[in-house]
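Asker: pasting the structure only:
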C-alpha cells in the first residue's frame, strides 16, 4: 500500500537560522511560523526507506536543564500527516 500527501513536521528550536536540507525524495522547507521543518512527499510506497538531512545555525547557548525540557523550552513531538487511498 502507499500513503499520499505525506507531511512530516519536525520541530526545531525557535532561534534556528540558515537552514540547509537534503532529501532522497520530496521537498523540505523551513517554516519559521511553526518553528519546524516540513518535509513533503507526494507518494510514499510501503516497504521503502527515505532520508532527509537538515542543518541549522543555533546562535543561542542553552543549559542542559533547558535541553531536557526543565526550563522554558520543551521538546515537541514530530507530526506526520498523510492519506491512505
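Answerer: Alright, I've got the coordinates. In this text, all values refer to a predicted model and were calculated from it rather than measured experimentally.
Asker: all helices for this protein, in order.
Answerer: 64-67 (DSSP state H).
Asker: center of it - which residue?
Answerer: What sits nearest the mean C-alpha location of the chain, by C-alpha atoms, centre = their mean, is residue 10, with 2.2 Å.
Asker: what's near enough to touch it?
Answerer: Applying C-beta atoms under 8 Å, 6 or more residues apart in numbering to residue 10 gives the contacts 36, 37, 39, 54, 78. For the C-beta atoms, the positions are set from N, CA and C on the backbone; glycine is no exception.
Asker: switch the cut-off to 6 Å
Answerer: Counting by C-beta atoms under 6 Å, 6 or more residues apart in numbering, residue 10 touches 36, 37, 78.
Asker: Same check on residue 35?
Answerer: By C-beta under 6 Å, 6+ apart, the contact list for residue 35 reads 12, 14.
Asker: and if you look at residue 55?
Answerer: residue 20.
Asker: and of the contacts of residue 10, the nearest to residue 6?
Answerer: Distance ranking of the contacts of residue 10 against residue 6, using C-beta to C-beta, places residue 78 first at 12.4 Å.
Asker: What pLDDT is listed against that closest one?
Answerer: Looking at residue 78, its pLDDT stands at 95.
Asker: one step back: what's the burial count for the closest residue to the residue nearest to the centre of the chain other than its chain neighbours?
Answerer: Ranked by C-beta to C-beta, 6 or more residues apart in numbering and with sequence neighbours excluded, the top spatial neighbour of residue 10 is residue 37, at 4.5 Å. Number of residues near residue 37 (other C-beta atoms under 10 Å) recorded here: 21.
Asker: residues touching residue 18, list them.
Answerer: Contacts for residue 18 were tallied using C-beta under 6 Å, 6+ apart; they are residue 57.
Asker: Fine, thanks again, bye for now.
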